[in-house]
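> Here you go, sequence then predicted model.
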Amino acid sequence: MTDFFKGIPALSYDPDSTDIAFRHYNPDEVIGGKRMEEHLRFAVAYWHSFAWPGGDPFGAETFERPWFGDTMDLARLKADVAFEMFDLLNVPFFCWHDADIRPEGDTFAESLHRFQEMIDYFGEKMEASKTRLLWGTANLFSHRRFMSGAATNPDPEVFAWSAATVKNCMDATHKLQGENYVLWGGREGYETLLNTDLRRERQQAGRFLQMAVEYKHKIGFKGAILVEPKPQEPSKHQYDFDVATVYGFLKEFGLEGEVQMNIEQGHAILAGHSFEHELALATALGIFGSIDMNRNDYQSGWDTDQFPNNVPEVALAYYEVLRAGGFTTGGTNFDAKLRRQSLDPVDLIAAHAGAMDVCARGFKAAAAMLEDGTLEKMRAARYGGWDSSGGKALLESDFETIAAQVEADGINPQPRSGRQEILENIVNRFV
Ligand code: XLS
Ligand code: NI
Ligand code: NI
C-alpha cells in the first residue's frame, strides 16, 4: 500500500451521506434486469488522473505527484496508486495510452520493452483487483515526432513507427483481455492546405485503419475496434471530425462493418452537435460502441475535459444509449481531468465519485423515461402514417406514380404539432 490516499475510506453507497460517498450510484441496484454496474461500466482514464501534470497554455505543472519522473520504479508507483484508486472507487474498468504508463526510452525498442514490463505489472495487479481493461490505445500525438500526424504524416517513417506502436498496443490490450481497442486520430488532420496533400493523407489513414482491423483478426482479438471522432483539436482540420464524417471514411475504406464509434461528450459539443445527436446517429448507422464521458466549458470553446455535472444532459445521452440496447463491449470512460487548482488526492476521489453519481442519476432518469414509454409512444404516433399501407407503399413507388396519386386522391397534408414543449415537460418529470 502507498500512502497517497491515506485516510480516505473506500466509497460505498450511502444515500444519506453528506461526505464523499455514492448517493445515487448503487452498483448492485437492478434496473431493467441488470445491475447498475453492468449497465454503466465505468472506467477511469489513466492519462488524466495519473499522467497529466496540471499545465495550461500559461503555466506548467501544478500537481506534484510522488510518481512524476522518468524511471520504471516511478511508473510502478503510479500503477500502485492507480489500482488503489480503482479499488477505493470500486470501478470495473480502466483505460490507458502506452505513453501514460511507461517512461519513453531512447529508442523504439527501449520504449517497447518498458511498456511490456508495465503491461505485465498491470497483469499482476489485475489478478488482485476486480478492475479490468475497457480499452487500450496508443498515444500518437504528444511526442514531437507526431507533430505532422501519425498515419497521415508526410514522412513514411512516422507511419511505420505509428503502425508498429499500434500493433504493440493491440497486443498488450489483447494480453490484458481488454474489451475494446481505441483509435483517436490525434493529429490526423492538417493546419494548412498549402503544405498538405489531403487526398494522400486520407488514403494513408484509411490503409492504416484497415491494417489495424486485419491485425485484430490475425491475433484473434474479440473486442471492438473503436474510432473516436473529434473536430478542430489538435489539428485545425481533423479528418475524423464527427460521427457522420467518420462513417463516410469507413464506407470509403470498406470498414463500416468492422469499426464502431467511441463518442465523447466534449467532442460532440466542439463539432457543433449535442452528445445525444452523435449517439443517435451512430446507433442509426449501426456503429455505436462506447462513450467518453466528460463536459466542456460552454464559453471557452475548447475541449476542457471536465467531469460531468449536468444531470439532464447526461440523462438524454443515456436515453440514447438505452435506445441503442445499452453497452455491449463499450462503457462509460471518464475522459475527464481535475481543474489545475484541485491539488489534493481527495479531489481525485471526489471528482470520480461525483461523476459516477451524476451518471447514475442521468441513467436512472433515462431508464425511467424509457420504462414510462410516453416519449416513445409519442414518437411512434408522429410517424404513424408511415406504418399504414399507403405510407409503406410510398417508398416502393416512384415520382410519376406518386404524382398521379396525389392528384387522383386529392392528397392535402395538414400540419400537426411537433409537441416539443410537451415532450420537454415530460423529460423534466424524470430528471
Ligand atoms: C482527446 C481524446 C483522447 C482519447 C484517447 O481529446 O479524447 O483522450 O480519448 O486518445
Ligand atoms: Ni477528448
Ligand atoms: Ni476521449
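Received, thanks. Residues are numbered from 1 along each chain as shown. Ligands and ions are numbered 1, 2, ... in the order given.
> For the residue of the stretch 1-150 of the chain found nearest ligand 3, list each beta-bridge partner.
Residue nearest to ligand 3 within the stretch 1-150 of the chain: A45 (7.6 Å; CB to the ion). Every C-beta, even on glycine, is put in place using the N, C-alpha and C of the backbone. Beta-bridge pairing for A45 (DSSP bridges): C95.
> Test my guess that it contacts A336.
Yes. Using CB atoms under 8 Å, A45 makes contact with A336 at a distance of 7.1 Å.
> count of residues packed around G385?
Neighbours of G385 under the rule other CB atoms under 10 Å: 13.
> Show the contacting residues for it.
Going by CB atoms under 8 Å, 6 or more residues apart in numbering, G385 touches G391.
> Kindly report the residues of the chain close to ligand 3.
Proximity of the chain to ligand 3 (CB under 5 Å from the ion) is limited to residues 264, 292, 335.
> Can you name the next helix or strand after the helix ranked longest in the chain?
For the chain, the longest helix by residue count, based on DSSP state H, is helix 345-372. Where DSSP states H and E defines the elements, the next helix or strand beyond helix 345-372 is helix 374-382.
> packing partners for that following helix?
Secondary-structure packing of helix 374-382 (3 or more CB pairs under 8 Å, 6 or more residues apart in numbering; DSSP states H and E): helix 420-430.
> List the buried residues for the helix it packs on?
Buried residues in helix 420-430, defined by neighbour count with 16 or more other CB atoms under 10 Å: 427, 430.
> would you put the C-alpha positions of it in CSV?
Only the C-alpha atoms of helix 420-430 are listed here, as CSV (Å, rounded to 0.1, in the frame of the first residue of the first chain):
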residue,chain,number,x,y,z
GLN,A,420,-41.6,19.9,-28.4
GLU,A,421,-42.5,21.7,-25.2
ILE,A,422,-44.8,19.0,-24.0
LEU,A,423,-42.1,16.4,-24.6
GLU,A,424,-39.6,18.6,-22.7
ASN,A,425,-42.0,18.8,-19.9
ILE,A,426,-42.2,15.0,-19.8
VAL,A,427,-38.4,14.8,-19.6
ASN,A,428,-38.5,17.2,-16.7
ARG,A,429,-40.7,14.9,-14.7
PHE,A,430,-37.8,12.4,-14.7
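> about what we covered before: can you add secondary structure, distance to A212 and neighbour count and give the residues of the chain next to ligand 3 back as TSV?
Output for the residues of the chain next to ligand 3, formatted as TSV (DSSP: H, G, I helix; E, B strand; the rest coil; distance: CB to CB, whole Å; neighbours: other CB atoms under 10 Å):
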residue	secondary structure	distance to A212	neighbour count
E264	strand	19	26
D292	strand	19	26
D335	coil	20	25
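> Turn the residues you listed into TSV, columns for pLDDT.
Formatted as TSV, these follow (pLDDT from 0 to 100):
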residue	pLDDT
E264	98
D292	98
D335	98
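> got the buried residues for the longest helix of the chain?
Under the neighbour-count criterion of 16+ other CB under 10 Å, helix 345-372 has 345, 348-367, 369-370 buried.
> residue boundaries of the strands in this protein?
Assigned by DSSP state E, the strands in the chain fall at 30-31, 34-35, 42-45, 93-97, 132-137, 180-184, 189-190, 224-228, 237-238, 259-264, 288-293, 332-334.
> Could you check those strands and tell me which one is nearest F208?
With CB to CB, the closest approach to F208 among the strands of the chain belongs to strand 180-184: 8.5 Å.
> Which elements pack onto the closest one?
For strand 180-184, the packing partners by 3+ CB pairs under 8 Å, 6+ apart come out as strand 132-137, helix 156-175, helix 198-219, strand 224-228, strand 259-264, strand 288-293.
> So for the residue of the stretch 301-431 of the chain found nearest ligand 3, what's the nearest residue that isn't a sequence neighbour?
Residue of the stretch 301-431 of the chain nearest ligand 3, by CB to the ion: D335 (3.8 Å). If the residues on either side of it in the chain are set aside, D335 comes closest to D292, at 3.7 Å by CB to CB, 6 or more residues apart in numbering.
> Now do the contacts for that neighbour.
Contacts of D292 were listed using CB under 8 Å, 6+ apart, and they are 45, 228, 262-267, 333-335.
> just checking: which of those residues also lie near ligand 1?
228, 264, 335 (CB under 6 Å from any ligand atom).
> so the residue of the stretch 301-431 of the chain closest to ligand 3 makes contact with R295?
No. The pair D335 / R295 is not scored as a contact, 10.5 Å apart, by CB under 8 Å.
> How many neighbouring residues does Q414 have?
Residues contacting Q414 under the criterion other CB under 10 Å number 4.
> now it: how far from H113?
Using CB to CB, to the nearest Å, Q414 is found at 72 Å from H113.
> Same question for D409.
75 Å.
> Who has more neighbours out of the two?
Shown here are D409 and H113; by other CB under 10 Å, H113 has more neighbours (14 against 9).
> The most centrally placed residue in the chain pairs with what?
Compute the mean C-alpha point of the chain, and by CA atoms, centre = their mean the closest residue is D292, 2.6 Å away. For D292, the beta-bridge partners are E264, N333 (DSSP bridges).
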